[in-house]
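1. Build me a model from this:
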Amino acid sequence: MTARDTAAAPEVGSLPLVPRNPLPLWKLVQLVRRLDTGQEVIRDAGGPITRIQLGPKKLMPPIVAVMSPAGMRDVLGRNDASSDRCIIHEQVQEMAGDSLWVLPNEQWRPRKRALAPVFTKTSVRAFGGHMSKAAQGFVDRWPSGGEVDLDAECRRVAMQSLGRSVLGVDLNERGETIARCMHVASSYTADRALRPVRAPRWLSTPARRRARRAVDAMRVITDEMVKACRSDPTRDAPLVQALIAATDPETGRPLTDEEISNDLLIFMLAGHDTTATALTHALWVLGHHPDIQDRVAAEAAAIGDRELTPDDVPALGYTVQVLHESVRLCPPAAGVARLVTRDFAVDGYRVEAGSLVALGLYALHHDPALWPDPMAFDPDRFSPENVKARDRWQFLPFLGGGRPCIGEHFARLETTLALATVVRACRIESLDDLFECEVPLTTVAKGPIRARVTPRR
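-> Next up is the predicted model:
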């Protein structure tokens, strides 16, 4: 704890508790399980900082929903041990083992020190950049145009790119199997974490067996790749090789093969759905805004008729604005949660130890007090001058503070290259008025997202 935190600590006890949300219990139970749009109803009824109590404290911890920039800053910007991983991370850890995403703070710090150099903006160029080739595959599959399912196409693009970037292999026909396994595992994890009463871990339920088989199928692939790279240091798998070479700069300790395999597994789990959804929604929304789509196409075309590379990203400024606005409207992660380990202040209120802090990114990004006409698609919200004038805690697609998403630079690079590659070659006309989503753990499209693709001449 810093001197500033120590000085402020005595004042925390005098602060009022976060106000309780006035909605009836039955309504709150429904809304808590709807991880995106449910946040807005909770916010509108109780404000951007509100407390939800679904049962006795001994059985169910209070949920403090935080949906304001100041609240995000007070939770994510702390550098003490006031919060830690929660039940969702515990469920992922149970299924997929120890990884950077699920480790509690004390174990997370040395792992983060070892992995941080691998994921800098400069470093990701060594294993990123495969998205252009994968996105060109989308273009090449429709040389004469036609009606496509954007969700299916973008999932294929994301899987091909991740296969090359994360594992150093072309997954090809194994890609659909892996994607299906990831969906089974993430759906089970989220469903179990959100249940007020859960079956004991030793009980082998059908859902748990399906999820375990899915994770085991993916782990076979990550284990194989780690072993292959150990035996052949020249193998073309830059990320795996970088993880093998990574060490904690303070202790010199390298990662074990199991730790590397676990992290690769989580990178695949986290990276596939989020990247696919971000690209699908961006193409869908551009399919309803042909003028903005043409501007993206012109920006990419100005670079030349060749494969786009990471070095081209600085010339794709408007494309990045489009992606940011698309991700604001449809955040791949609608929210995250933290377990409070000791009382601390959030936006002028006291949050009690043992509470579950739910950071509502969807509600934050759709708050009309922060974003005028929040459902409108307007990439100019992310012009350089508007970004500079905005509170840094108002837009958090990759979180912030002490434990942000380590794959931020990778995700930005890949989605920018993919969107520019597709739109430069194809005109997209969206055929569905709504972009329906499900939120099992991350945000995914619900059913086909239909569009008509026409080659640009």
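
2. going forward, measure contacts between C-alpha atoms and count neighbours the same way
-> Noted.

3. how about the helices in the stretch 251-400 of the chain?
-> Taking DSSP state H, counting those that start in this stretch, the helices of the stretch 251-400 of the chain run over residues 257-286, 290-301, 317-329, 361-365, 384-389.

4. and what of the stretch 101-250 of the chain?
-> Along the stretch 101-250 of the chain, counting by DSSP H, counting those that start in this stretch, helices occupy 105-115, 124-127, 131-141, 150-162, 174-194, 206-231, 238-245.

5. Mean neighbour count, those: which tops it?
-> Most buried of those by mean neighbour count (mean count of other Cα atoms under 10 Å) is helix 150-162; its value is a mean of 24.

6. Low-confidence stretches in the stretch 1-150 of the chain?
-> 1-10, 80-81, 84-97, 101-102, 128 (pLDDT under 70).

7. try 50 this time
-> For the stretch 1-150 of the chain, the stretches with pLDDT under 50 are 1-10.

8. which residues of it fall in strands?
-> 49-52, 63-66, 83-84, 146-149 (DSSP state E, counting those that start in this stretch).

9. buried residues in the first one?
-> By 16 or more other Cα atoms under 10 Å, the buried positions in strand 49-52 come out as 49-52.

10. now stretch 281-289
-> For stretch 281-289, the neighbour count (16+ other Cα under 10 Å) marks 281-288 as buried.

11. Tabulate the residues you listed in CSV, adding columns for pLDDT and distance to residue 318.
-> What follows is these, written out as CSV (pLDDT from 0 to 100; distance: Cα to Cα, whole Å):
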residue, pLDDT, distance to residue 318
281, 96, 17
282, 97, 13
283, 97, 14
284, 97, 17
285, 98, 15
286, 98, 13
287, 97, 16
288, 98, 17
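
12. ok, so of these, who is nearest residue 223?
-> Distance to residue 223, by Cα to Cα, is smallest for residue 281 among the buried residues of stretch 281-289, at 32.7 Å.

13. Report the contact partners of the spatially closest residue to the closest one that is not a sequence neighbour.
-> The spatially closest residue to residue 281, leaving aside those adjacent along the chain, is residue 326, at 6.7 Å (Cα to Cα, 6 or more residues apart in numbering). Neighbouring residues of residue 326 by Cα atoms under 8 Å, 6 or more residues apart in numbering: 278, 281-282, 285, 377.

14. Can you tell me which of those residues is nearest residue 210?
-> Among these, and counting by Cα to Cα, the member closest to residue 210 is residue 278, at 27.3 Å.

15. tally of neighbours for the closest one?
-> As a burial measure, residue 278 scores 26 neighbours (other Cα atoms under 10 Å).

16. SS state for residue 454?
-> Of the three states, residue 454 takes strand under DSSP: H, G, I helix; E, B strand; the rest coil.

17. and it, what are its bridge partners?
-> Beta bridges link residue 454 to residue 427, judged by DSSP bridges.

18. can you list the buried residues of strand 49-52 in CSV and add distance to residue 126?
-> Output for these, formatted as CSV (distance: Cα to Cα, whole Å):
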residue, distance to residue 126
49, 42
50, 44
51, 45
52, 45
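
19. Pull the most distant pair out of those.
-> The distance between the two most remote of these (Cα to Cα) is 10.2 Å, for 49 and 52.

20. Now list whatever residues contact both of those two.
-> Shared contacts of residue 49 and residue 52 (Cα under 8 Å, 6+ apart): 64-65.

21. ok, now how distant is residue 335 from residue 442?
-> Using Cα to Cα, to the nearest Å, we find residue 335 at a distance of 9 Å from residue 442.

22. Which one's more surrounded, the two?
-> Taking neighbours as other Cα under 10 Å, residue 335 and residue 442 compare with residue 335 leading, 26 against 22.

23. Next, the contact list for residue 219, please.
-> Contacts of residue 219 by Cα under 8 Å, 6+ apart are 261-262, 265.

24. Just the buried residues of these.
-> The buried subset of the contacts of residue 219 - by 16+ other Cα under 10 Å - is 261-262, 265.

25. Serialize the residues you listed to JSON lines and add fields for distance to residue 209.
-> Converted to JSON lines, the buried ones among the contacts of residue 219 look like this (distance: Cα to Cα, whole Å):
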{"residue": "261", "distance to residue 209": "21"}
{"residue": "262", "distance to residue 209": "19"}
{"residue": "265", "distance to residue 209": "18"}
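
26. Go through those and say which is closest to residue 147.
-> residue 265 (33.2 Å).

27. Double-check that closest one against residue 224; I have them as touching.
-> No. Counting by Cα atoms under 8 Å, residue 265 does not reach residue 224; the two are 12.0 Å apart.

28. which one of the contacts of residue 326 is nearest residue 405?
-> For the contacts of residue 326, the nearest to residue 405 is residue 278 (15.3 Å; Cα to Cα).

29. Against residue 22, how distant is that closest one?
-> Distance of residue 278 to residue 22, given as Cα to Cα: 34 Å.

30. wait, which of the strands of the stretch 1-150 of the chain is closest to residue 401?
-> strand 83-84 (12.5 Å).
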